Every structure is written in C-alpha cells, then in structure tokens.
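[1] Structural data only, the sequence is not supplied:
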Ligand SMILES: [Zn+2]
C-alpha cells in the first residue's frame, strides 16, 4: 500500500504514469542550480521530497554523459538500470526500518542499513546512529562506478540526537566525493547546524489541477475532495483512497462524528483517525470563528459548535496524537475521542448559551 512510487519514475522521466509530474520542474531547476554537496529538500509531507531526492541521485549517477545534466537521468544506461533495480552500489538510502515497506524500499541489500540486525524487535521509527555511521563509512569509500556517491536520508528529522550529531560531523568535514540529500517535512526540527550546512530546496504543494489529474489517473474518484482532505498533498490523498476512504466517506465524517458514531473510523488506525478528528475540529472551529474551513466543504462542517468544548477536544486530540505510537486499545481511544467530539459539535443553543466572548458565525 505504498503511496510512494519507485522514484520520480522508473524511467526517470517524471512524466510517465509512474512519475510525479509536479516534480519535473523542481528536478530540472535543482540540477541546474544546486552544486552543493548537501541539499535539504523540504516541504509539506506527501508532496514528494523522497522521490525528488531519488531522481536527483539517479541523475547525478547517470552515465549518459552525452546529455546535459538537466536532461538526466536517461533511464537507459547501466547506472539507471541499477538505480531502478535498487541495487546501485553508489547509492545509499537511509530510512527508518518502520518506513521501509511503505516506501517500497524494503530490501536488505544496502550497505549499512539496519535490516540485517536480525531480530524480532519492533522496527525502529528512528534513523539510528549505527545506520548513520555506516552511511558515513559508505560515503568515504571510493565510488564503485566512478560517478561519485549519494546518500539519501529520509525523513531527516527522524535521526535521533546522537545520529544527527554524527551526521553533522560528516557535513562539516566532507570526505570523498559523496553528496547528501536530506528530505524533511519538518525542517525546523532538524539541528540548526545541519540546516545551515545544506543548500535548501523548497518543494511546495503542487498545483491542485496537477495533483487532481495525477490522482484521477490512479483511479481516485472525486479527487478534489480527497486532495482537500489532505491539505493539498497528493500522496496523502492517494493514501486515503488506498485505505478505502473515498470521497463519500470523508464528506460524511463530520456529521457521523457529531452523532457520536465511532464506527465511522473503524479500521483507520489511531494516527489516521486522530488526524481526521483534528481536521473536523479545525474546520468546526474555523467556521465557528467566521473563518473558512480547509479540509471539508463548508456545507459538510457541523456549524455552531461549542468553542470551549472544541478547545478541550483539540487539546485531547493533540495529546493522543503525541502518544499515537502507544499500543493501547485503538478502539477505546477512538471511542473516547469521538465521544468528546460529539459533545463539542453539539450546537450551543441546545445547551442554552454560547461561550463567553465568542461570536459564533451566523452564516451557517
Ligand atoms: Zn542514465
């Protein structure tokens, strides 16, 4: 159930049906302008930082030297074929164990990865210092095919403190001919010293029309609804669709939660359920304050909510989101959160009076 392809595209062209078409321009621009040995590709989650990093790596390692760099990767040379097969000896991809499968990067073949550590322990959500040290060792050895080496770190903010400090030393004193590509949806949580040693490549949310067309090609009906549900981030929208959450289910959600129906979130998993509840809470609060909803069409948002209760709900949602990795009963947690949502989304009129000092939006 990957939301992430195998790179910008398997042919490296970015414009075929496997590619992310909105990355064509950023790829070209980055190849044209960025010569630094370390780049930080950042933007909202789900817009393709990892795919752009892989495409850059493929282009840098591509052996079609008769083409200008901006026209690489060629997708046909021996190096590109190794890249597509995920067995390029000069590319090392550092991702947390827990993300390997969903990223489609679940192989044990890379030097320095953590997959071989054997064990029944739970896959780590962090990038550990052992993996970073192995990547540093990889970067300092000679390029196997003579086009340098590339290390991709995704998501860079998943390096724990020890790992980040080890990585920082490499950025400060680069050895060999390796280049580093850090991907992040939360660049502010990186060490400032890491940020300052990378050239920044900002990747914005793609134009809605491009994203909708891309989703439609993947069979997503009413793509605009799921795109809004994901804050404009197409890979997240596809993730929703692949989990069986269609536009109808999304649009019905606020009212089902207002009715206190936890089955509306059955099978979503805690993190996704909390995320959806946070979006309902956000939109109800926005509308109640006279603002515009962001994730649901206005007519689907339950209006005239109780702002005090929304605030309490929002705090509780944030608390659970921060603890979402704990294995306590998902059903119970969702049921409790939906119960609070039902309270918050009741109209204040039914309870007598609006909260002090708040002017409720009268347009709904
Ligand atoms: Zn090539």
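    Happy to help now that I have it. Remember, it's a predicted structure, so these values are computed and weren't measured experimentally. Numbers count the residues shown, from 1 in each chain.
[2] Check the secondary structure at residue 200 for me.
    Counting by DSSP: H, G, I helix; E, B strand; the rest coil, the backbone at residue 200 sits in strand.
[3] Tell me where the model's unsure across the stretch 201-350 of the chain.
    For the stretch 201-350 of the chain, applying pLDDT under 70 flags the ranges 303, 324-328, 347-350.
[4] try it again with 90
    For the stretch 201-350 of the chain, the stretches flagged by pLDDT under 90 are 243, 266-271, 288-290, 301-309, 320-336, 340, 342-350.
[5] ok, the residue in it that the ion sits nearest to - contacts?
    Per CB to the ion, residue 201 is where the stretch 201-350 of the chain lies closest to the ion, at 21.4 Å. Where C-beta positions appear, they are placed from N, C-alpha and C, glycine not excepted. Residue 201 makes contacts with 26, 30, 34, 39, 40, 41, 42, 52, as judged by CB atoms under 8 Å, 6 or more residues apart in numbering.
[6] Just the buried ones among these, please.
    Buried subset of the contacts of residue 201 (neighbour count, 16 or more other CB atoms under 10 Å): 26, 30, 39, 40, 41, 42, 52.
[7] Find the pair from those with maximum spatial separation.
    Maximum pairwise distance in the buried ones among the contacts of residue 201, criterion CB to CB, is 13.5 Å, between 26 and 40.
[8] how many other residues sit next to residue 54?
    Neighbourhood size, residue 54 [other CB atoms under 10 Å]: 30.
[9] Wait, it touches residue 151, no?
    No. Assessed by CB atoms under 8 Å, residue 54 is found out of contact with residue 151, at 12.0 Å.
[10] Now the common contact residues for those two.
    Going by CB under 8 Å, 6+ apart, residues that sit against residue 54 and also against residue 151 are residue 93.
[11] Residue 151 should be in a helix, yeah?
    No. Using three-state DSSP, the secondary structure at residue 151 is strand, not a helix.
[12] pLDDT score for it?
    If you check residue 151, the pLDDT there is 95.
[13] Distance check, it against the ion.
    19 Å (CB to the ion, to the nearest Å).
[14] and residue 285, which of the three is it?
    Residue 285 - assigned by three-state DSSP - is helix.
[15] For the residue nearest to it when sequence neighbours are not counted, give its distance to residue 265.
    Spatial nearest neighbour of residue 285, chain neighbours left out: residue 310 (5.0 Å); criterion: CB to CB, 6 or more residues apart in numbering. Taking CB to CB, to the nearest Å as the measure, residue 310 falls 18 Å from residue 265.
[16] Bridged to the residue of the stretch 201-350 of the chain closest to the ion, which residues?
    Following DSSP bridges, residue 201 is listed with bridge partners residue 41.
[17] Residue 310 contacts residue 288, correct?
    Yes. At 7.1 Å, residue 310 counts as touching residue 288 under the criterion of CB under 8 Å.
[18] Please name the residues that touch residue 185.
    42, 43, 44, 45, 46, 49, 155, 157.
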